[in-house]
Structures are given as C-alpha cells and as structure tokens.
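J.: return atomic coordinates for the entry below.
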Amino acid sequence: MELIYQIGAAMGGSLSTVNRAHMAYDQGGITALKPQPCGGRQRENMTVAEEKALLARFANAAGAGEMLNIRDLKRAYEQAIDHETSNSTVYNLLDRHGWRKLMPRPFHPQRDVEAQNAFKKTAFHAL
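T.: Model prediction:
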C-alpha cells in the first residue's frame, strides 16, 4: 500500500488514480493507458465525403447561377440519413463545405402585390 502512495506522489495523482491505472493495465495492457481521442464529430449523420457527394448533386445548378433551394437540399439530406433534421443542420453543412449565402430572396412568397400598391398610393397622402 505504501508503494501505491509513493507512485501517486511521484506522478502527482491520488490513490484512486493509481488504482484505476493499475486495473486498466491489468485488463488491456499498455494500450489501455494511452489517452483516448476525444472531440471531433461524434454525432455526425454523414461522413464529410458523403456530405460532399450530396452537395455535388446541387453544385451544378448553383454553379450555373441558379438559386439553391434549401428545402430541396434539406429533403435530400433527410432522405440520405433516414430521419428528420433541423434547418440549422443543413446551414451548418453548407458552412462546413464553404458554401455561402449570396443573395436573400427578393420578396416574400406570400406577398400581396395589390395590397402593397394600395398602401403606396394612400399611406403618405394623409400627412
């Protein structure tokens, strides 16, 4: 027991740290003592190569000056991973591969042109 305290003091660790290291070595050898990698994309839906292949299907239209419809891309992504996902996942995918938003949509898809024109004609005449 005295030896374990001396090892802990020499390594700057506690008795429990030395015991855990000893048990890990007994079960897995020297490889069990090496630090395990952490970080990275642990909950990824697709590998980076699979994402590139998916975006390649949309790259031709985007390169030809056409607008990329995020809904279409999201639908294709969800079909590839077999479950629904959020919009932010698709936007993060685009950002990860260097795609960027070039232009916002020029108008709301449910706009009422007649109401806009009527407002322009009457809104500022009362002032």
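
J.: stretch 111-127: how far from the chain's middle?
T.: Between the centre of stretch 111-127 and the centre of its chain there are 43 Å (Cα atoms, centre = their mean, to the nearest Å).

J.: before we move on, what SS does residue 6 have?
T.: Per DSSP: H, G, I helix; E, B strand; the rest coil, the local secondary structure of residue 6 is helix.

J.: taking the centroid of this protein, which residue is nearest it?
T.: Using Cα atoms, centre = their mean, the residue of the chain that lies closest to the mean C-alpha position is residue 92, 4.9 Å off.

J.: so which bits of the lowest-mean-pLDDT helix or strand in the chain are buried?
T.: Least confident helix or strand, the chain: helix 2-11 with a mean of 83, by mean pLDDT, DSSP states H and E. Within helix 2-11, the residues scored as buried using 16 or more other Cβ atoms under 10 Å are residue 8. No exception for glycine: its C-beta is placed from N, CA and C like everyone else's.

J.: now swap in stretch 30-48 and tell me
T.: Here stretch 30-48 shows residue 45 as buried, counting by 16+ other Cβ under 10 Å.

J.: what's the nearest residue to residue 90 if we skip its chain neighbours?
T.: Leaving aside its chain neighbours, residue 90 sits nearest to residue 74 (4.8 Å; criterion: Cβ to Cβ, 6 or more residues apart in numbering).

J.: pLDDT below threshold where in this structure?
T.: Residues of the chain that meet the criterion pLDDT under 70 lie in 1, 62-66, 102-105, 125-127.

J.: report all helices and strands that whichever helix or strand comes after the least confident helix or strand of the chain contacts.
T.: Note on helix 2-11: by DSSP states H and E, the next helix or strand toward the C-terminus is helix 15-28. Based on contacts counted as 3 or more Cβ pairs under 8 Å, 6 or more residues apart in numbering; DSSP states H and E, the elements that helix 15-28 packs against are helix 2-11.
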